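Trainee: The following block contains a protein sequence and its predicted model.
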Amino acid sequence: MTRVKALAAPYLLWVVLFTVIPCSLVVYFAFTNENGGFTLANFRDVPFYAPVFLKSLYLSLIATVICFLIAYPMGLILMKADLNAQRTVIMLVMLPMWMNFLLRTYAWMTLLENEGLINHFLELFGIGPFRMINTQGAVVLGMVYNYLPFMILPIYSVMVKINPALIEAAQDLGAGSLKVVSKIIFPLSIPGVVSGIIMVFVPSISTFIISRMLGGGSNMLIGDLIEMQFIGSVYNPYVGSAISLILMAVVFVCMGIINRFGGEKEGTLL
Amino acid sequence: MKEKYLLKLSGIVKDFGDNRVINDVSFSVKSNEFLTILGPSGCGKTTLLRAIGGFEEPTAGKIFLNGEDMAGIPPHKRQVNTVFQKYALFPHLNVFDNVAFGLKLKKVPKDEIRKRVKAMLKLVDLKGFEKRNITKLSGGQQQRVAIARALINHPKILLLDEPLGALDLKLRKDMQIELKQIQQNLGIAFVYVTHDQEEALSMSDTVVVMKDGKIAQMGTPQDIYNEPVNAFVADFIGENNIFDGEMIEDQQVEILGAVLPYNDGVWPKGMPVDAVIRPEDVKVVAPENGYWRGRVESVVFKGVHYEIVVNCGGYQWLIHSTAAPKVDEEIGMTIDLYDLHLMKKMFDGAENRVPAEIETATSVLIDGLSFEIPETDRERGEKVILRIPPSAIDVVGDEESPLTGTLLSVIYKGKYNEMIVDCGGRRWLIQEDRDEQVGIRVGLKIDFSQALTESAGDDSNDPS
């Protein structure tokens, strides 16, 4: 027992150094003014940023829903495919993740630009040009493209573990394909769905690169707002901490809601 | 074609790739009948059940349910329900919702569902368990839920795939009786798959014994037990003494040195046979009064009878008797002639007759494989028949010999195990002291010094 505890020590140190201390600092700065005194003033401007919060929430929710709508049927198809096909597809899903995040997003910029590849291509047929870059759609696209694997992987890994005998038992009792999915596969895959939602929603709501590169100046999200407070022209880490704290609270509430839907199933994270 | 039978299988064949797991199986089930498919693991019995349930499409043959061809009809549209091997209960639903699953799909009114689930849980002795979590139930309770979940839909036939396999002995015995009672009370036909011969004999109206995807024997439990058609069935169905015998006259058989008259059927002179003698049919007499004599090796009291092992010239006899001879005592053994069962051997002949070609002075080719033999003066390229006695072949690991095959059967013959091994279509008869698991891959090592070589004349025929 003591040995196990000793082995856990480095991890404890890690958590303290990189989770507990930074979070405490964020909380500390959020309630501190430039002179180091306690203040609530940092939160005074927060209502002013409400539209940015709502937009972040809105866009990341849409991205999460789209990811789910793509990933879930894919999981259903994969669970019936043979093992080699499963491995190949999962490999291909993960392949873009091995490339640099910035590079991937830059690639979308060149594709979506007014003078970009897609518009050039459409021009050949006399269509367009369309304004695609610097729209909300482009931001959502960027989120879906970058975070889709994080939805597919947990859903897939839960689905392949479902005992095929359960599906046969449901069929035996009179369930057609749709009923098998709604009554057996979906309830049993909820833990994967919940992790998938968390892993797409959280990075989406706090992203700043995607919105800045694909959304232009008109689609500022919380992430951009926070970034501006720290390294932008505004430079106000105290307000930045306050906004971060509120973002954490928003995420926390969202997770609570999602976990409620997930029920008390094992394997649910956070 | 009007069918009197509820379920009829005709000429069912199922291939998985190159592997034929069911080979021309036909039988029918009447309403109310309890039919058991009995066989060792890998005999195709579960696949057959899955074909009836609609989970496997037969490669050939037809399944009729109530006279209606089931080809292409998916499982959820068949009026059969299955109790799965490991129950396959839905872990996210409680007992009530598991049992009600089928009724809910059929949109049965809620009140009726509640009533029927309650009645069904009472039937399987799980009254008041509605709200229980499936994962918190014991094996026996899960078993009952699985049965209730299937039966509540009033299937015409209930399919059961080794439903008692995961239970301990005591519970299994209780459940056997309960299952039989449920079947009789509800008047539903059961098709029951098991590898447990005792289960099959005690519950069934009809037993179908399967081996290697084929029906070895079909009949009432009494038929199967009293008149097994071959040594495999006899060996599988219960404890038996099985010995090699030979017809020395048309109606006289020699078994372990004793000559007995036998006139049940036509058996040509010189034919090798399997003789089956049940332990309870052997009578212990004075040494000079028996067909055989032997020395008692062990006596174990089993409650109703003594289990006696007798050594008779190196062959072990198993005897069940209410009288107990002493260990090391010399006894005689006799049987009533109607208790002697002779069976055609599952292998043609008493030895291996293998066509071969002389490759060099010290090697032969059998089925394309080269084997070293003691020096021969026969010409290269000459076609010969090798006569290899079963005792000249050793079963070894499948990496220790180029000649490998699947072990088809193992039957204890009192002194050795008689094995049949299929090597790419050619069957080998082997006598081996070791025991092996049927179905595994084995290698064969042949001692060619014990083999006789004959020229392949015109009358030679391939024993395979």
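Mentor: That came in fine, so what should we check first? Numbering: from 1, shown residues only, chains lettered A, B, ... in the order given.
Trainee: Chain A contacts on the stretch 151-300 of chain B?
Mentor: Residues of the stretch 151-300 of chain B that fall close to chain A, judged by Cβ under 8 Å from any Cβ of the partner chain: B:Asn153. Heads up, the C-betas are built off the backbone N, CA and C, glycines and all.
Trainee: Helices along the stretch 151-300 of chain B, start to end?
Mentor: For the stretch 151-300 of chain B, helices defined by DSSP state H, counting those that start in this stretch occupy the ranges B:169-186, B:197-203, B:221-226, B:231-237.
Trainee: now the third one, how far from the chain's geometric center?
Mentor: Between the mean C-alpha location of helix B:221-226 and the chain-wide mean there is a distance of 14 Å, by Cα atoms, centre = their mean, to the nearest Å.
Trainee: what does it contact?
Mentor: Contacts of helix B:221-226 from elsewhere in the structure, counted by Cβ atoms under 8 Å, 6 or more residues apart in numbering or on different chains, are B:200-202, B:204, B:207, B:209, B:217, B:233, B:237-238.
Trainee: Residue 150 is in what secondary structure piece?
Mentor: You didn't say which chain, so I picked chain A. A:Phe150 is located in helix A:136-159, with elements delineated by DSSP states H and E.
Trainee: looking at chain B here, not the other one
Mentor: Assigned by DSSP H and E, B:Ala150 belongs to helix B:139-151.
Trainee: ok, now B:Cys43?
Mentor: When secondary structure is defined by DSSP H and E, B:Cys43 falls outside every helix and strand.
Trainee: The stretch 51-200 of chain A against chain B: which residues are in contact?
Mentor: Taking Cβ under 8 Å from any Cβ as the contact definition, the stretch 51-200 of chain A meets chain B at A:163, A:165-166, A:168-176, A:179, A:183-184, A:187-188.
Trainee: And these, which of them are buried?
Mentor: Restricting these to buried positions leaves A:165-166, A:168-175, A:179, A:183-184, A:188, with burial counted as 16 or more other Cβ atoms under 10 Å in any protein chain shown.
Trainee: all helices for chain A, in order.
Mentor: Assignment of helices within chain A using DSSP state H yields the ranges A:2-15, A:21-30, A:50-80, A:83-94, A:101-112, A:117-124, A:136-159, A:164-172, A:177-180, A:186-205, A:209-215, A:222-231, A:237-262.
Trainee: low-confidence ranges in the stretch 1-150 of chain A?
Mentor: For the stretch 1-150 of chain A, the stretches with pLDDT under 70 are A:1.
Trainee: Counting neighbours, what do you get for B:Gly53?
Mentor: Residue crowding around B:Gly53 was assessed by other Cβ atoms under 10 Å in any protein chain shown; the count is 23.
Trainee: ok, what's across the strand from the closest residue in space to it that isn't next to it in sequence?
Mentor: Here the nearest residue to B:Gly53 in space, its sequence neighbours aside, is B:Thr82; by Cβ to Cβ, 6 or more residues apart in numbering or on different chains that works out to 5.0 Å. According to DSSP bridges, the residues that bridge with B:Thr82 are B:Leu159.
Trainee: Give the buried residues for stretch B:88-106.
Mentor: By 16+ other Cβ under 10 Å, the buried positions in stretch B:88-106 come out as B:88-90, B:92-105.
Trainee: Next, count neighbours for residue 155.
Mentor: Went with chain A since none was named. Other residues within reach of A:Ile155, judged by other Cβ under 10 Å, total 28.
Trainee: my question was about chain B
Mentor: So B:Pro155, with other Cβ under 10 Å, has 20 neighbours.
Trainee: so what's it closest to, chain neighbours aside?
Mentor: In space, not counting the residues next to it along the chain, B:Pro155 is nearest to B:Asn81; the distance is 4.0 Å by Cβ to Cβ, 6+ apart.
Trainee: Correct me if wrong: that neighbour contacts B:Gly102.
Mentor: Yes: counting by Cβ atoms under 8 Å, B:Asn81 touches B:Gly102, with 7.4 Å between them.
Trainee: any common contacting residues for these two?
Mentor: Counting by Cβ under 8 Å, 6+ apart, the shared contacts of B:Asn81 and B:Gly102 are A:173, B:153.
Trainee: For the residue nearest to B:Gly53, give me its contacts.
Mentor: B:Thr82 is in contact with A:168-169, A:172, B:49, B:53, B:150, B:158-161, counting by Cβ under 8 Å, 6+ apart.
Trainee: if we go to 10 Å?
Mentor: Applying Cβ atoms under 10 Å, 6 or more residues apart in numbering or on different chains to B:Thr82 gives the contacts A:165, A:168-169, A:171-173, B:49-50, B:52-55, B:75, B:88, B:146, B:149-150, B:155, B:157-161, B:163, B:191.
Trainee: just A:Ile231 next, same as before
Mentor: A:Ile231 sits next to A:237, A:240 when contact means Cβ under 10 Å, 6+ apart.
Trainee: Next one: it relative to chain B, how far apart?
Mentor: In this structure, A:Ile231 lies at 48 Å from chain B, with Cβ to the nearest Cβ, to the nearest Å as the measure.
Trainee: Also A:Pro191?
Mentor: 11 Å.
Trainee: So what's the residue count around that residue?
Mentor: In terms of burial, A:Pro191 registers 20 neighbours under the definition other Cβ under 10 Å.
Trainee: now do the one 5 residues further on
Mentor: Taking other Cβ under 10 Å as the criterion, the count of residues near A:Gly196 is 28.
Trainee: Repeat that for the one 5 residues further on.
Mentor: When counting by other Cβ under 10 Å, one arrives at 25 neighbours for A:Phe201.
Trainee: Now for the residue lying closest to it once chain neighbours are set aside: which residues touch it?
Mentor: In this structure, A:Phe201 finds its nearest non-sequential neighbour in A:Thr64, 4.6 Å apart by Cβ to Cβ, 6+ apart. By Cβ under 10 Å, 6+ apart, the residues touching A:Thr64 are A:140, A:143-144, A:147, A:151, A:196-202, A:204-205, A:254, A:258.
Trainee: out of those, what pair is the most spread apart?
Mentor: Of all pairs drawn from those, the widest gap by Cβ to Cβ lies between A:Val140 and A:Ile258 and measures 19.4 Å.
Trainee: what about the two, which has more around it?
Mentor: Here A:Val140 and A:Ile258 are set side by side on neighbour count (other Cβ under 10 Å), and the busier one is A:Val140, at 24 against 18.
Trainee: Surely the more buried one is in contact with A:Ile62?
Mentor: Yes: look at A:Val140 against A:Ile62 with Cβ atoms under 10 Å: they come within range, at 5.3 Å.
Trainee: Between these two, which contacts overlap?
Mentor: Common neighbours of A:Val140 and A:Ile62, counting by Cβ under 10 Å, 6+ apart, are A:Ser204.
Trainee: related to what we said a few turns ago, could you report the separation of the residue nearest to A:Phe201 from A:Ile21?
Mentor: The span separating A:Thr64 from A:Ile21 equals 30 Å under the rule Cβ to Cβ, to the nearest Å.
Trainee: Over to B:Trp292?
Mentor: Separation of B:Trp292 from A:Ile21 (Cβ to Cβ) stands at 90 Å.
Trainee: ok, those two, which is more surrounded?
Mentor: With other Cβ under 10 Å as the criterion, B:Trp292 and A:Ile21 differ in neighbour count, and B:Trp292 comes out ahead with 21 against 11.
Trainee: related to what we said a few turns ago, so which of the buried residues of stretch B:88-106 also contact chain A?
Mentor: The overlap between the buried residues of stretch B:88-106 and the neighbourhood of chain A (criterion: Cβ under 10 Å from any Cβ of the partner chain) consists of B:88-90, B:92-93, B:97-98, B:100-105.
Trainee: how many other residues sit next to B:Ile147?
Mentor: Here the number of neighbours of B:Ile147 (other Cβ under 10 Å) works out to 25.
Trainee: typo on my end, it should be B:Arg353
Mentor: Neighbours around B:Arg353, by other Cβ under 10 Å: 18.
Trainee: Report the beta-bridge partners for it.
Mentor: Beta-bridge pairing of B:Arg353 under DSSP bridges involves B:Arg387.
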